[in-house]
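J.: sharing a model prediction with you, sequence too.
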Amino acid sequence: MQDSAPMIELRDLTVTFTGGRKPVHAVNGVSLSVQRGEVLALLGESGSGKSVTLRSLLRLHPEKRTRIEGRIMAAGQDVMALSGRALADFRGKSVSMIFQEPLLALDPVYTVGAQIVETIRRHEKVSPTQAQARALALLQRVRIPSPERRLQAFPHEMSGGMRQRAMIALALACNPQILLADEPTTALDATVQIQILLLLRELQRELGLTVILVTHDIGVAVEVADRVAVMYAGRIVETGPVREIIRNPRHPYTQGLLASRAHGAMTAARLDAIPGAPPDLADLQLGCAFAPRCRHAVPACLQSLPAVQDISADHWMRCLQNETIAA
């Protein structure tokens, strides 16, 4: 049974990057909640605001060039109120992150074991020997072959799949309550992708983790997630249980994402791609950002931001055409 208080709650989150010629409105009023032990997938094209939203939970954006507004609650803490040592303690201990490319995220001049040991000792009062034993146990848990030898390996000496497993071990080093995963399988081949996804789901269930997974691949969301939030131009345009979104997508953008993916039954069939390109986030126009690419658009779509339309108790979208669009 889910707790009444969500583990993650965003209210009207807005993220603007101010370092360029014009402000870039990367996230525009995102509100969502994730319950304890739930897996939410943020789904959308590149540039839709998924990774920016995820990194905001750890306040990883450059402070001098980023303006964050709204409310961020995670693991019972007000993230916007944290600073200095409290923020450093929060990162890795309460909430940790699996980055998209572990070769860039891991420090190339230290062994994998040394990085895991350092993380453990940064957050917990344990001896080097105890931390080393835990690091070994973590590599065993994520099923890295010859874990004793891999503790002494540098990131570049490991394959892509093993590096991602090592990144997962590092993220789990201090028993976080929340795990953030930013496209954790994008750089891997298909066989290894499946192995990593199954491992993530197994660890999530075993440890009771609350997870937000960023992906542009609906197949990944189906394998791992309980719920899906579809993002476009920095806004959530549809959200609901993953099975309902797959069976009954209602927003034209969600329908386009589903129609544009390849599947096993296809032979020489042409993919039904979404026409046009995502909008310029430095020059967002009034109204629905997807309207210029939408075959259902009417003049009213360009006049104001669509209100939330309820499809069912836990399934909603932002679209004027609720009654006329069918999957």
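T.: That came through, no problem.
J.: any chance you could list what contacts stretch 304-320?
T.: Applying CB atoms under 8 Å, 6 or more residues apart in numbering, the contact partners of stretch 304-320 are 227, 235-241, 244-245, 248, 250-252, 254, 286-288, 298, 300-301, 322, 325. In this view, the C-beta of every residue, glycine as well, is placed from N, C-alpha and C.
J.: contact partners for residue 158?
T.: 112, 150, 166.
J.: I meant residue 242, not that one.
T.: 41, 221-222, 225-228.
J.: got it, and residue 298?
T.: Residue 298 neighbours (CB under 8 Å, 6+ apart): 320-321.
J.: separation between residue 111 and residue 73?
T.: 36 Å (CB to CB, to the nearest Å).
J.: got it, and residue 45?
T.: Applying CB to CB to residue 45 and residue 73 gives a distance of 28 Å.
J.: please apply the same query to residue 244.
T.: From residue 244 to residue 73 the distance is 26 Å (CB to CB).
J.: who has more neighbours, those two?
T.: Taking neighbours as other CB atoms under 10 Å, residue 244 and residue 73 compare with residue 73 leading, 19 against 16.
J.: test my guess that that one contacts residue 13.
T.: No. When contacts are counted by CB atoms under 8 Å, residue 73 is not listed as touching residue 13 (10.8 Å).
J.: which ones are touching the residue lying closest to residue 252 once chain neighbours are set aside?
T.: Leaving aside its chain neighbours, residue 252 sits nearest to residue 294 (4.7 Å; criterion: CB to CB, 6 or more residues apart in numbering). Contacts for residue 294 (CB under 8 Å, 6+ apart) come out as 252-253, 288, 301.
J.: nearest the geometric middle of the chain, what residue?
T.: residue 214 (2.7 Å; CA atoms, centre = their mean).
J.: for that residue, which three-state class applies?
T.: With DSSP: H, G, I helix; E, B strand; the rest coil as the basis, residue 214 sits in strand.
J.: roughly how far apart are residue 298 and residue 287?
T.: For residue 298 relative to residue 287 (CB to CB), the value is 11 Å.
J.: next one: residue 235
T.: With CB to CB as the criterion, residue 235 and residue 287 are 12 Å apart.
J.: comparing the two, which residue is more hemmed in?
T.: Relative neighbour count places residue 235 above the other of residue 235 and residue 287, with 23 against 18, counting by other CB under 10 Å.
J.: run a quick neighbour tally on the residue lying closest to that one once chain neighbours are set aside.
T.: In space, and not counting its chain neighbours, residue 235 is closest to residue 28: 5.2 Å by CB to CB, 6+ apart. Using other CB under 10 Å, residue 28 is surrounded by 19 other residues.
J.: my guess is residue 28 contacts residue 14, does it?
T.: Yes. Using CB under 8 Å, residue 28 is in contact with residue 14, at 6.0 Å.
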